[in-house]
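1. sequence first, predicted coordinates after that:
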Amino acid sequence: MSEKNNLDFVYKEEILKRSINPGFSSELSKVDKFISGLNPFCGDEVKFHFNLSHNNITNIYLELEGCAIHKASSSLLAEVILNENINTIQKVCDEFISFFNTKNNSNQKFQNHKLQITNPIHSVKSNQIRIKCVLLSWNAIYNNLF
C-alpha cells in the first residue's frame, strides 16, 4: 500500500471539519459526570463533562487536545451518546471498539443505527498506529461511565 493511500483518511472532509470545530463547546454550569482520557505517548487528551437527567445524557461539554483524528472521533462519539441512556452507552461503545479491533474490513452494519455517522473515520482502520487516536475517547467512556 502506498503511503498516500495509507494517509487518505487524514484528508477526509468530515475528519478535517470536526477536528477544526468538534462542537460541544458550551461550558456547563453544573457537571453531573466527568470522564477524561489521555494517551501519554502522543499527547491526545479528552475531557467529557456531562449533564444527566433520569440516566440520560442531556448535555455535553468537550475539551480536546491532540490530532485531527482524535478530535473528530471524540466529536462523533459525543454526537452518538447525546440524549442516550447511560445503560445503553457501554454497548454502543463496545460495538464501535470491536469494529476497530477486528481484522474484517467489510462494510460494517452496526446494530445501533446512530453509529452510521462514524463512517468518515472507518478508513483509519487501515492504519494500525492511528486506531489508538480513534479509540481513546470511546475507551474512556466505555471504561468509566459507570
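-> Nice, thanks for sending it over. Numbers count the residues shown, from 1 in each chain.
2. end to end on stretch 41-49, go ahead and measure it.
-> End-to-end span of stretch 41-49 (Cα to Cα, to the nearest Å): 24 Å.
3. so what touches it?
-> 27-28, 31, 33-39, 60-67, 70, 74, 78, 132-133, 136-137, 140-141 (Cβ atoms under 8 Å, 6 or more residues apart in numbering). Using the backbone N, CA and C atoms, a C-beta is placed for each residue, glycine as well.
4. drop anything exposed from these.
-> Neighbour counting with 16 or more other Cβ atoms under 10 Å marks 35, 37, 39, 60-62, 64, 66-67, 70, 74, 78, 132-133, 136-137, 140-141 as buried within those.
5. list the ones among those that fall in strands.
-> Using DSSP state E, the subset of the buried ones among the contacts of stretch 41-49 located in strands is Ile35, Gly37, Ile60, Tyr61, Leu62, Leu64.
6. can you tell me the closest non-neighbouring residue to the second one?
-> I take that to be Gly37. Excluding its sequence neighbours, the residue lying closest to Gly37 (Cβ to Cβ, 6 or more residues apart in numbering) is Ala140, at 3.1 Å.
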